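Visitor: Okay, sequence plus prediction incoming.
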Amino acid sequence: MAAHDGRLEIRLAGNGGQGLVLAGIILAEAAGLFEGRPVAQTQVYGPESRGGASRTDIIIDRVAIDYPKATAPDALLVMSEDAWKRFGGSLRRGGLVVYDAGLVHPQTGAETRAVGLPLTAVARDTLGRAIVANVVGLGALVALARAVSREALEAAVRRRAPQGSEELNARALAAGWDLALEATHAGARP
Amino acid sequence: MLSKASTERRLLQGNEACALAALAAGCRFYAGYPITPSSEIAEHMARRLPETGGVFVQMEDEIASICACIGASLGGVKAMTATSGPGFSLMQENLGYAALCEVPVVIVDVQRVGPSTGMPTLPAQGDVMQARWGTHGDHPVVVLAPAGVADTYRLTVAAFNISERLRLPVVLLSDEVVAHMREMVEIEPSEVVDRAAPGEDPATYRPFRAGPDGVPVLAAPGRGYRFHVTGLYHGEDGFVTNDPKEAERLIHRLARKVALHQDWLTLAEEHHLDDARVAVFAYGSPARAALRAVRDARAAGLPAGLFKAETIWPFPAERISQLARQVRAILVPEMNLGQLVGEVERAAAGRCRVVPLAKVGGELYTPGEISAVLKDL
């Protein structure tokens, strides 16, 4: 049941409170509002306001979207060991996984494009706010998956950022984007 | 924000689409008690109703919520409440009151896994029979089930229109996937049905005397029309009756009110059914997985089709009966242990196989789960 050409399935997964559902909404807005493409975003989370597993799927297509969830994601962002264990196997063969190298230690086969980056560490130590790790991760994933343009993503990030935090979030996006490109150019497994 | 002039493309969440559509349909009163996964409807109504001169009230519970909506509607204002399973259970008694007293009101039930508190953040379709028969006694009700954000907008407007046109409670039976999903949607200006005003003199007005369409005219207050409303059986004048003949007339008229209008209020979408040899009957979010499964089946050479029911009550028995003559099997995936499949079996009446597919536990079907059964039919 291969997805048809032009359908892009992205899954962001981690723990509740890491802001991944919000990151998914931002990506959906970048694709839908700023690029005018058909998009669907769904989420699965638990009853807790923090903790527990949390994930969001974003489907971007050229045509109207029938099934709104990912069946075999083309790109996966994982921010917890548990999320990797649950969803690592769902990745499309040859798909991309970006993971937080400080939180997740995956073993991946040669057919997977796995990129480990210090997402939370960069958010905490370089940007001074661990809370923007979701935007760092989103920037890194989108830079490599080429899901939307950097301009569209930045516009969507700024639109959703709480007032006064627009610059911080834009810096977080840039940090993730650059980190991903540097890591893949510097000889991390392509 | 909501332009009525032309088509507008927006990225909306299902619950947000429900609130925007309610406002576009003329809803000016909302009373509710927030509950996952319906709470965003209350949030949006709380923000927007005051901007339109409407009233938002957070009530102490769901019993009070539906009662306040019934009161507002009798007061001449279109009213809506939204809840999920536990709250929907509490609303049942007064849903029956609205049905017997012929009060237009829209009730949104965003289904989550039940019974009891269940799994608040996860989807189910366990309230299908409750939406039809949850209140006691024979009664009319119309139930609409959206499968996405655009559906939610369109069917919320339809819920108000049907409710006002037929003077009865209409349930919008959503589910967690549909309610929390965000999609790009095109919002078109909606056709809105407003409540008819009595054409006769206040002296001869009978609040429960129906015309040939089975629907009596509900007078707005303050115009000189006086009437009495009671949850006891009543005559055309609204006053209590224990006369078996009069009671029988009323209960038959209430049922006929829906039957007479079934043609236009039965909403559905058909996909690839023209030459189908096997069909899927689905409603709500599973219809999205079913559409993909049907397309995959066609790509593999199996002539499959999808009947996506939008009006699930009254059940589209006539069309399913026709379909049962055309196809060799109808597959019915539901996120419950099998509720509407019984109606499909009744309509098919042995003319084709009806195959139930049950999924419970709080996850939406994948297309593959439906394909796996479909390919062997």
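Guide: That came through, no problem.

Visitor: tell me the contacts of the spatially closest residue to B:Gly76 that is not a sequence neighbour?
Guide: Nearest non-adjacent residue to B:Gly76, counting by C-beta to C-beta, 6 or more residues apart in numbering or on different chains: B:Ala220, 3.8 Å away. The C-beta positions use only the backbone N, C-alpha and C, and glycine is treated the same way. Listed by C-beta atoms under 8 Å, 6 or more residues apart in numbering or on different chains, the contact set of B:Ala220 reads B:76, B:195, B:197.

Visitor: want to throw those into CSV with pLDDT and neighbour count?
Guide: Putting these into CSV (pLDDT from 0 to 100; neighbours: other C-beta atoms under 10 Å in any protein chain shown) gives the following:
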residue, pLDDT, neighbour count
B:Gly76, 95, 16
B:Arg195, 91, 18
B:Ala197, 91, 12
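
Visitor: any idea how far B:Arg351 is from chain A?
Guide: Going from B:Arg351 to chain A by C-beta to the nearest C-beta, to the nearest Å gives 29 Å.

Visitor: thinking that residue is in contact with B:Gln322, fair?
Guide: No. Counting by C-beta atoms under 8 Å, B:Arg351 stays clear of B:Gln322, with 9.6 Å between them.

Visitor: what packs against the longest helix along chain A?
Guide: Longest helix in chain A by number of residues, with DSSP state H as the criterion: helix A:166-185. The helices and strands touching helix A:166-185, judged by 3 or more C-beta pairs under 8 Å, 6 or more residues apart in numbering or on different chains; DSSP states H and E, are strand A:113-117, helix A:133-145, helix A:150-160.

Visitor: Quick check: which of these is buried the most?
Guide: Across the helices and strands packed on helix A:166-185, the average number of neighbours (mean count of other C-beta atoms under 10 Å in any protein chain shown) peaks for helix A:133-145, which reaches a mean of 28.

Visitor: In the chain, mark out all the helices, start to finish.
Guide: All of this refers to chain A. According to DSSP H, the helices that chain A contains are A:20-29, A:81-87, A:119-121, A:133-145, A:150-160, A:166-185.

Visitor: nope, chain B
Guide: Counting by DSSP H, chain B has helices at residues B:14-24, B:39-48, B:62-74, B:85-101, B:128-133, B:149-166, B:176-180, B:244-260, B:262-265, B:286-299, B:317-326, B:341-348, B:367-374.

Visitor: per-residue pLDDT, the residue nearest to B:Gly76?
Guide: At B:Ala220, the pLDDT value in this model is 89.

Visitor: again with B:Ser6
Guide: For B:Ser6, pLDDT reads 69.

Visitor: which bits of chain A sit near chain B?
Guide: Near chain B, the residues belonging to chain A are A:1, A:25, A:28-29, A:32-33, A:36-47, A:65-69, A:71 when assessed by C-beta under 8 Å from any C-beta of the partner chain.

Visitor: Flag every residue of the stretch 101-250 of chain B that's near chain A.
Guide: Close to chain A, as judged by C-beta under 8 Å from any C-beta, the stretch 101-250 of chain B has residues B:119-122, B:148, B:177, B:180-184.

Visitor: Please produce CSV containing those residues, extended by pLDDT and neighbour count.
Guide: Converted to CSV, these look like this (pLDDT from 0 to 100; neighbours: other C-beta under 10 Å):
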residue, pLDDT, neighbour count
B:Met119, 96, 16
B:Pro120, 96, 18
B:Thr121, 95, 20
B:Leu122, 96, 23
B:Gly148, 98, 24
B:Val177, 98, 30
B:His180, 98, 24
B:Met181, 98, 27
B:Arg182, 98, 25
B:Glu183, 97, 27
B:Met184, 92, 22
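
Visitor: Restricted to strands, list those.
Guide: Members of those lying in strands (criterion: DSSP state E): B:119-122, B:182-184.

Visitor: and the longest strand along chain B with helix B:14-24, angle?
Guide: Identified as the longest strand of chain B according to DSSP E is strand B:105-113. For strand B:105-113 against helix B:14-24, the angle by axes from the mean of the first three to the mean of the last three C-alpha atoms, to 10 degrees is 180 degrees.
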